[in-house]
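*Asks:* let's see this in three dimensions:
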Amino acid sequence: MLKILFFAPHSAIWVHAFPEALIAEALGQHGHRIVYVTCGGEFARFCVPMSAHGLTVESSESERLKLCSLCCCARDVLRSGFGFDGYNLSEKLDTADRERADTLVAATTKENMLDLRVHGIEVGRLALYELLLTLKKRNLEFSDAEWQAYRVDLRNALCSLFAATRILDEERPDRVVMYNSLYGVNHVVYRLAESRGIPTYFLHAGGNQSRRLETLMLGRGDSVRFYHELLARWRDIRGIPCDTELLAPVTDHFIELLRARSVFVYSAPRSGTLEDLRARFGIGTQQRVLVATMSSLDERFAAETIGALRPADDSVFPSQVEWVQALLSFVRGRPDLFLMIRVHPREFPNRREAVKSEHARQLEQAFTELPSNATVNWPTDDVSLYDLADVADVFLNAWSSAGKEMSLLGLPVVVFSAQQQFYAPDLNYVGTSEADYFAQIGRALADGWSVERIRTTYRWYALEYERSMIDIRESFPQSVARTGARARRLADRFLRRAGRDAAWRADCLFRRRRLRAAALINQVITEARDSLLDVSDFGSTAIPLEEETRALRAEVNRLIRALYANRTQASDASPLRQRLQAFATGA
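*Replies:* Okay, here's the model as predicted:
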């Protein structure tokens, strides 16, 4: 049996910490020894849970200590509820460690931060991740206030590394598991463990917005590596038909996107104002519409800066601004076309982040002079991406998830790189040079809508959101789509009013004593596999194509009801609706 170290310093994020504990318990039930390491207040100056609970590095000490107390309470509930052995990482640090961390932080400057290595680990670089995301940075130029925030993150990462060094020396674990290995204090531990030949695994909630918290990614390394494995495995299962059990959750996800209830959904909710959009943006009745969906730059920049993601070497355009400028030049000579440039809502303040990105400021300056057949759709227009689907002939995507969402509706999408998307590039048309890119736009306009595109995209989503996920719904039922979801939310609200730990204790009390996925979890970890994909037999789930088509018609019918819930004369005239309806009814 193995000794498995769970590095779990973020107990106050219960929706991360409780699923993580379920995985630890499942492995313990297979006879492995679990060492459960928590924080113990070491990151009291500022930490990931503080950020998740709306605090900032400028928050008062009393507010931060209150969050620390909450985190310790959650930790204690987990330890007692699951019977975990372990300790706080703070117990493995001494005065000399903390003084060394302070000395290194004091010696680190804006000029040398990327050079800071300790025990061979690029601590200076890895500590940047959360700050770059929080500030929506596209460069490494920091104000004095931003630099002070980085110094806090750097000290945390150093203390985490020093503690982990001692813990790994003492425990000599066979495996290490953590929730989101890209967090700075986690990332240094992941890199240290792997440098010692210890297979290290990350956990993360799934992407399906209807049941995000009741599914888990489990993979070697980090989420970027996980997606690369998805892409590699896609070639093998692309042709395998899916049944209703795999297809229905995909529809549930899309319906949640239309409702836009989650802070992880950046588009405005669906409204269905077809005629108003063409009139509002000055689109001629005979003009064919190209919608260019831009992407938020900071997430990619942060991942590339810490080395989790390599810059794409096949991009036709060096930047999104240059891409859009090329599109504007293209449509200037094509009065039969209308170009709508949709700036990603995450670039501006939204429900999840209050910061306006530096890239947004650049875009505001770049899009001042447009031809008469082009416009910019800013987030302040409050227009849903899914409303644009009714008027668009072709979507032109950078690397936003909009590229797969529009493909799910059968609409053609053209991209300028096969490497930048976190989904299968063969769902879209891919330009390999500037001339080829514009040729692909012409091809997409000629080919138009396709039901086979819907089929293939459903299969991709089934791989990404169902086949590759660990299902923990029996112990953490968090679906917003299933019957009883509203009653469960009301019960959770009542328990939170009774005291936050009451809801936590209820989760522990009512969990199933054994996860259905426990054997697969154990196999992945014991055999040091990359992910669930390595231990699953997808061929055994294959069904006849005709059966998939029947199931797909039913799911498309659900999409139609969700897309056109507020039926109007305009929506009846939508070419997209007519095409979807024809397939759903078998016409």
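
*Asks:* and L327, that one's in a helix?
*Replies:* Yes - assigned with DSSP: H, G, I helix; E, B strand; the rest coil, L327 falls within a helix.

*Asks:* my read: it touches N397, true?
*Replies:* No - L327 is beyond contact range of N397, at 11.8 Å (criterion: CB atoms under 8 Å). (Each C-beta comes from the backbone N, C-alpha and C, glycine too.)

*Asks:* which one's more surrounded, the two?
*Replies:* More crowded of L327 and N397, by other CB atoms under 10 Å: N397, with 26 against 21.

*Asks:* what residues are shared contacts of L327 and N397?
*Replies:* Among the neighbours of L327, those also in contact with N397 (CB atoms under 8 Å, 6 or more residues apart in numbering) are A292.

*Asks:* any weak-confidence spans in the stretch 201-350 of the chain?
*Replies:* By pLDDT under 70, the low-scoring segments of the stretch 201-350 of the chain are 262-268, 272-275, 348-350.

*Asks:* that one: helices as residue ranges?
*Replies:* For the stretch 201-350 of the chain, applying DSSP state H, counting those that start in this stretch gives helices covering 223-237, 244-259, 274-280, 297-305, 320-332.

*Asks:* swap in the stretch 1-150 of the chain?
*Replies:* Assigned by DSSP H, counting those that start in this stretch, the helices in the stretch 1-150 of the chain fall at 14-28, 48-52, 61-82, 95-107, 123-126, 129-135, 144-171.

*Asks:* so which of those helices is nearest F476?
*Replies:* Set against F476 and scored by CB to CB, those come closest in helix 14-28, at 5.9 Å.

*Asks:* now do the buried residues in that closest one.
*Replies:* For helix 14-28, a neighbour-count test (16 or more other CB atoms under 10 Å) marks 14, 16-28 as buried.

*Asks:* now tabulate those in TSV and tack on distance to E546 and pLDDT.
*Replies:* Output for the buried residues of helix 14-28, formatted as TSV (distance: CB to CB, whole Å; pLDDT from 0 to 100):
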residue	distance to E546	pLDDT
W14	45	96
H16	42	97
A17	45	97
F18	42	97
P19	38	97
E20	42	98
A21	44	98
L22	38	98
I23	38	98
A24	44	98
E25	42	98
A26	38	98
L27	41	98
G28	45	98
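
*Asks:* who are the contact partners of A424?
*Replies:* 231, 234, 238, 460.

*Asks:* 6 Å - rerun?
*Replies:* Taking CB atoms under 6 Å, 6 or more residues apart in numbering, we find A424 in contact with 234, 460.

*Asks:* how is the chain divided into domains?
*Replies:* Domain segmentation of the chain under automatic domain parsing yields 3-227+476-535, 238-465+546-585.

*Asks:* mind checking the end-to-end distance for the longest one?
*Replies:* By CA to CA, to the nearest Å, the extent of domain 3-227+476-535 from end to end equals 21 Å.

*Asks:* mind checking how far that domain is from the chain centre?
*Replies:* Relative to its chain's centre, domain 3-227+476-535 lies at 16 Å (CA atoms, centre = their mean, to the nearest Å).
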